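Peer 1: After the sequence you'll find the predicted model.
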Amino acid sequence: MPIRAVLWDIDDTLFDHTAAAATGMARHIAAEGLPPGHATAEEAVAEWQRLSRRHWARLAAGETDWEGQSRDRAREFLGRPLDDAEADAWFARHVAHYESAWALFPDVVPALDALVGTYRHAVLSNAAQDPQHRKLTALGVRDRFESLLCAVELGVSKPAPEAFLASCAALALEPHEVLYVGDEPDIDAAGATAAGLAGVWLDRLGRGGRPELVRITGLDQLPGLLAGDTRFGAPDTFG
């Protein structure tokens, strides 16, 4: 049975989260000052990114909530105690800088335009629904997607099959009728494949090294991949 819908990851697939996070924190440090224990702004930005990955994993696993992870990140990054109001205020100022750097990857809208009318579209993210909805709305593409499901509200995160199957259920489609596109080989492509979907690894950095996965290096390759179907031919030949 042919693919009927494309299910998308958001961060570092549609939206250049890595660049926005680095730029936003650099602007925040310039405004607030370099935190103690960091020799340079570059070192501090790298530490913030490490902390963000760890605390987002805690959020996706249900170990904390949105406010908890943001407060914990602020306290750990600054290396000093903050009450909730202080942590919330500091984090809100950071978010303003982060949002000022938001941008879609240049290949996103052309790919969505090329697929419109042929495939349905939805989103599955290992984040929280409200910020991801606001992000897609601000970037002008929220109306492109029929559904937006996120790990925090689902109570389960990728690569668990239940996360992918929940999105298929929201589309009223069988897993084999849905293709998932994401930038993480294990969490996204391999996880989707294990759940019975067609999984595609969007390897924007050209890392390679996963010949068992279907891999593309840009979304400009996705329409041709789907048009060829036949379950995409030989893996790792689309980079």
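Peer 2: Structure's in. What do you need?

Peer 1: Give me the pLDDT for Ala61.
Peer 2: Note for Ala61: predicted pLDDT of 78.

Peer 1: no, scratch that, I was asking about Ala234
Peer 2: pLDDT at Ala234 comes out at 44.

Peer 1: tell me which residues in the longest helix along the chain are buried?
Peer 2: Counting by DSSP state H, the longest helix found in the chain is helix 41-60. Within helix 41-60, the residues that count as buried by 16 or more other CB atoms under 10 Å are Ala41, Ala44, Val45, Glu47, Trp48, Leu51, Ser52, His55, Trp56, Leu59, Ala60. Bear in mind the C-beta positions are built from the backbone N, C-alpha and C, glycine included.

Peer 1: Tell me which residues are up against the helix or strand of the chain with the lowest mean pLDDT.
Peer 2: When each helix and strand of the chain is scored by mean pLDDT, DSSP states H and E, helix 41-60 comes last, with a mean of 88. Residues from elsewhere that reach helix 41-60 (CB atoms under 8 Å, 6 or more residues apart in numbering): 18, 21-22, 25-26, 29-30, 34-35, 38, 64-66, 68-69, 72-73, 76-77, 126-128, 151-152, 157.

Peer 1: If we use 6 Å, what do you get?
Peer 2: With contacts defined as CB atoms under 6 Å, 6 or more residues apart in numbering, helix 41-60 is touched by 22, 25-26, 29, 35, 38, 64, 69, 72-73, 76-77, 126, 151, 157.

Peer 1: How far away from the center of its chain is the longest helix of the chain?
Peer 2: Distance, stretch centre to chain centre, for helix 41-60: 15 Å (CA atoms, centre = their mean, to the nearest Å).

Peer 1: would you put the C-alpha positions of that helix in PDB?
Peer 2: Taking C-alpha atoms only, helix 41-60 is exported to PDB below (Å, rounded to 0.1, in the frame of the first residue of the first chain):
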ATOM      1  CA  ALA A  41      31.000  32.900  25.600                       C
ATOM      2  CA  GLU A  42      31.600  30.000  23.200                       C
ATOM      3  CA  GLU A  43      32.400  27.700  26.100                       C
ATOM      4  CA  ALA A  44      29.300  28.800  27.900                       C
ATOM      5  CA  VAL A  45      27.100  28.300  24.900                       C
ATOM      6  CA  ALA A  46      28.500  24.700  24.500                       C
ATOM      7  CA  GLU A  47      27.700  24.000  28.100                       C
ATOM      8  CA  TRP A  48      24.200  25.400  27.700                       C
ATOM      9  CA  GLN A  49      23.600  23.000  24.800                       C
ATOM     10  CA  ARG A  50      24.800  20.000  26.800                       C
ATOM     11  CA  LEU A  51      22.600  21.000  29.700                       C
ATOM     12  CA  SER A  52      19.600  21.500  27.300                       C
ATOM     13  CA  ARG A  53      20.000  18.000  25.800                       C
ATOM     14  CA  ARG A  54      20.100  16.400  29.200                       C
ATOM     15  CA  HIS A  55      17.200  18.200  30.700                       C
ATOM     16  CA  TRP A  56      15.100  17.800  27.500                       C
ATOM     17  CA  ALA A  57      15.700  14.100  27.800                       C
ATOM     18  CA  ARG A  58      14.400  14.200  31.400                       C
ATOM     19  CA  LEU A  59      11.300  16.100  30.200                       C
ATOM     20  CA  ALA A  60      10.600  13.600  27.400                       C
END
